[in-house]
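Kindly generate the corresponding structure for this input.
(2 chains)
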Number of protein chains: 2
Amino acid sequence: MSTIDDTIAAMARRARQAARAVARAGTEVKNAALLEIAAAITHEAEELCAENAKDLQAARAGGLPAAMIDRLTIGSGTIVGMAAGLREVAGLPDPVGSCGPTRVRPNGLEITRMRIPLGVIGIIYESRPNVTVDAAALCLKAGNAVLLRGGSEALHSNRALAAVIGRALAAAGLPPAAVQVVPTADRAAVNALLQQEEWIDLIIPRGGEELIRFVAANSKIPVLKHYKGVCHVYVDEGADLAMAEAVCFNAKVQRPGVCNAMETLLVHRAEAGRFLPAMAARFAGAGVELRGCPETCRILPGIVPAVDADWPAEYLDLILAVKVVSGMEAAIDHIAAYGSNHTEAIVTRDYERARRFVREVDSSVVLVNASTRFNDGGQLGLGAEIGISTSKLHAFGPMGLEELTTTKFIVLGSGQIRT
Amino acid sequence: MSTIDDTIAAMARRARQAARAVARAGTEVKNAALLEIAAAITHEAEELCAENAKDLQAARAGGLPAAMIDRLTIGSGTIVGMAAGLREVAGLPDPVGSCGPTRVRPNGLEITRMRIPLGVIGIIYESRPNVTVDAAALCLKAGNAVLLRGGSEALHSNRALAAVIGRALAAAGLPPAAVQVVPTADRAAVNALLQQEEWIDLIIPRGGEELIRFVAANSKIPVLKHYKGVCHVYVDEGADLAMAEAVCFNAKVQRPGVCNAMETLLVHRAEAGRFLPAMAARFAGAGVELRGCPETCRILPGIVPAVDADWPAEYLDLILAVKVVSGMEAAIDHIAAYGSNHTEAIVTRDYERARRFVREVDSSVVLVNASTRFNDGGQLGLGAEIGISTSKLHAFGPMGLEELTTTKFIVLGSGQIRT
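The predicted model follows:
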């Protein structure tokens, strides 16, 4: 075994030990630790920024794009944001230890399910150092230990954050090994992490599709993955077109670079002639490029004709594919063929079609008369989120604290035996 | 791509198509299909037994042990059992479409979670052909399509069952591709199955630890695994020793070859001198071999001393490891070190230790004053079960119909946009 394999295996074993202590810690202890971390990050901001400066210097020397350098920077705003995030998580209800309904069996056994931590969670992410703090906070509050593997560009920043967090955990009476940062930029460390199925219960990759596919293909540990968001809005026959325009504009334009932005607009043929010209004018005012099916192009002459690659595209940009459909059935079929099971919305006035769309569309969030931008843990009332799962096992959709836990069965008896 | 890869990929694509139809099918349609399959299996019993005879002949020619030939045999009892199982699943409540509580957000959005099928489930199992029918029934009732890969010894039997099931599905108006049996004994088919992450949502391996480790190491698809059951009973200080004796005897002897049987008995030092001699006498009467720690051996002279390999052993036989411990803390530490997160029980009269044992033992089922043998979907009130998960993602413990589903978010609005 190489040194990196040894290092990672030892970290994972320490995390497993620490996880037992975090799992037993009461809500007050965990909250005190989160507030302690918030105070420590604020108090040691200068040191954190000094370590961050080393990463920034290397990034500039390496010619990283300005947008990435911006994401990498820990400024006073980042410090305030991280501390506020920690306090927010401290304020969320603790899922651990709560029990569901109790059912009594004919033999008198009382059976319930108790919510418990998952154990050890590995998070593999790209360059933003605030993820280090946000992810650690959510994992800790849900009673887990966490191993963090950030981008190599942020290595100094992440190591400094881990040191601050470790001291705060110790001050709060929790083992520092409950939050560990992989201390090397070597990519072999990722592979080593993915082999620790004896000690790690869950891997969450956060980043581009390539990273996520690599992790899913190479992990022996269960992975919660979020591939991409190819989100659709379907404007139904008879819809309130003013509402449809507002919802579609918001879904595309309010923040086009995120996974819950609309990428394809589907319009019922009966409304296309009235709806599309007004909608297109509004999109044009916001600089949105439209790429239309042949029927859309006839209604909106001069726009770019869509090609096959447009229908499954996640643009993450001010570009929108537009298709005229013969009805809701065709819209649902299009979504099944090209969607990514992320977020789909219908704008309609029809009771039965609203019910059918909600039942038949196979996405993590399905909305009626609301913007796709609401697929977000905070907006849906989960509190903070650690990501959005587009695969169905364990969690489907935004993952909050509860999705970082599982349940065990509790059986209370008075000497029952099986006959 | 080889022919087997092509065949498996085509089956998986057909399963995905069929899954959409099963997901939309109402409870009445699914129940009618299950009853239709039960009738068809009964009606075509002769044909099934004829195909089964080919497998039995090959098994005898190949010198398979009598116990395996017994498991492989489809007799009139097997037929009756399979039909009864189908009718039982038809009678269980349908989890699909049920919604949890609705929460209203400050902006008026109404948010709930709806239970939905997983999609396509792949089951890889060993030689019992009745698993083919039991697994298909549970997957169908939960709205899923299923791909079944049974043992090569049962290939004729499984193909015949798939043909009968397919005709019954068609008669009930569901696509026959909703239940497919991999029609080859080639082991390459298993590898091919594990690569179909685009079309298959979940793999459930059922069989020995070697099979399960192979599947977990090679699958690109999420796997629900059950490694082994190293189950403990801890007899606490002050326990009702008559109750302890009854619970321990049942946990070890009632059916020693299954995963929820006790493998290690932990006894508090204060009770060991009184409890162990009586317990050992009762075990001796049932032919149970004891392997004790040094302290146990002093109390029970003449028993086999336990070696290191006994503590993590899953005997599945009339053998029991016995250890005297200094208290509950030591018992919990022993379980954490050697257990398999499957099933653990305490026999106690102490309120606070009962609460702590339940909270701190990290197993899928934790019992107070009841036999470990109750870790079973039927016994815990889930209805039929498809297996017991000892890993924490998605399901932990017995998996019934609900564990073959997931949830999506439903958001009902009146034109809300995000600001």
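
so what's the backbone phi/psi at A:P93?
Per-residue torsions, A:P93: phi -60, psi 140 (degrees, to the nearest 10).

okay, now the domains of chain A?
What automatic domain parsing lists as the domains of chain A is A:3-227, A:231-376.

and the last one with chain B, contact?
Yes - legend: contact between domain A:231-376 and chain B by C-beta under 8 Å from any C-beta of the partner chain is shown at A:240, A:243, A:246-247, A:249-251, A:254, A:336, A:354, A:358-360, A:362-371, A:373-375. No exception for glycine: its C-beta is placed from N, CA and C like everyone else's.

secondary structure class for A:I123?
strand (DSSP: H, G, I helix; E, B strand; the rest coil).

hang on, isn't it packed against A:V146?
Yes - taking contacts as C-beta atoms under 8 Å, A:I123 lies within contact range of A:V146: 6.3 Å.

Identify the contacts common to the two.
Shared contacts of A:I123 and A:V146 (C-beta atoms under 8 Å, 6 or more residues apart in numbering or on different chains): A:135, A:139.

now for the longest helix that chain A contains, which elements pack on it?
Assignment by DSSP state H gives helix A:3-24 as the longest helix of chain A. In terms of contacts (3 or more C-beta pairs under 8 Å, 6 or more residues apart in numbering or on different chains; DSSP states H and E), helix A:3-24 is packed against strand A:110-117, strand A:120-125, strand A:145-149, strand A:179-181, helix A:188-194.

Nearest to chain B among those would be which one?
Closest of these to chain B is strand A:110-117, at 5.5 Å (criterion: C-beta to the nearest C-beta).

now the angle from the closest one to helix A:3-24?
With axes from the mean of the first three to the mean of the last three C-alpha atoms, to 10 degrees defining the directions, strand A:110-117 sits at 130 degrees from helix A:3-24.

can you give me the offset of strand A:110-117 from its chain's centre?
26 Å (C-alpha atoms, centre = their mean, to the nearest Å).

same deal with stretch A:133-144?
That offset, for stretch A:133-144, works out to 14 Å (C-alpha atoms, centre = their mean).

Any residue of it touching chain B?
No - applying C-beta under 8 Å from any C-beta, one finds stretch A:133-144 separated from chain B by no less than 10.4 Å.

as a whole number, average confidence for that stretch?
The average pLDDT for stretch A:133-144 rounds to 97.

Format the CA atom coordinates belonging to that stretch as CSV.
The C-alpha trace of stretch A:133-144 is given here as CSV (Å, rounded to 0.1, in the frame of the first residue of the first chain):
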residue,chain,number,x,y,z
VAL,A,133,-17.6,24.8,6.3
ASP,A,134,-21.2,24.4,5.1
ALA,A,135,-20.8,20.6,4.5
ALA,A,136,-19.1,20.1,7.8
ALA,A,137,-21.9,22.0,9.6
LEU,A,138,-24.7,19.9,8.1
CYS,A,139,-22.9,16.6,8.6
LEU,A,140,-22.1,17.4,12.3
LYS,A,141,-25.6,18.5,13.1
ALA,A,142,-27.0,15.2,11.7
GLY,A,143,-24.6,13.4,14.0
ASN,A,144,-22.0,12.3,11.4
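
quick revisit: for the helices and strands packed on helix A:3-24, give me a markdown table that also has mean neighbour count and distance to B:L92.
Compiled in a markdown table, the helices and strands packed on helix A:3-24 are given as follows (neighbours: other C-beta atoms under 10 Å in any protein chain shown; distance: least, C-beta to C-beta, whole Å):
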| stretch | mean neighbour count | distance to B:L92 |
| --- | --- | --- |
| strand A:110-117 | 20 | 17 |
| strand A:120-125 | 26 | 34 |
| strand A:145-149 | 27 | 38 |
| strand A:179-181 | 26 | 43 |
| helix A:188-194 | 20 | 38 |
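
Let's have those in TSV, adding distance to A:E46.
Formatted as TSV, the helices and strands packed on helix A:3-24 follow (distance: least, C-beta to C-beta, whole Å):
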stretch	distance to A:E46
strand A:110-117	34
strand A:120-125	25
strand A:145-149	23
strand A:179-181	20
helix A:188-194	29
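
Next, the buried residues of the helix or strand that comes right after the longest helix of chain A.
Sequence-wise, the next helix or strand downstream of helix A:3-24 (DSSP states H and E) is helix A:27-43. Residues of helix A:27-43 classed as buried by neighbour count (16 or more other C-beta atoms under 10 Å in any protein chain shown): A:30-38, A:40-42.
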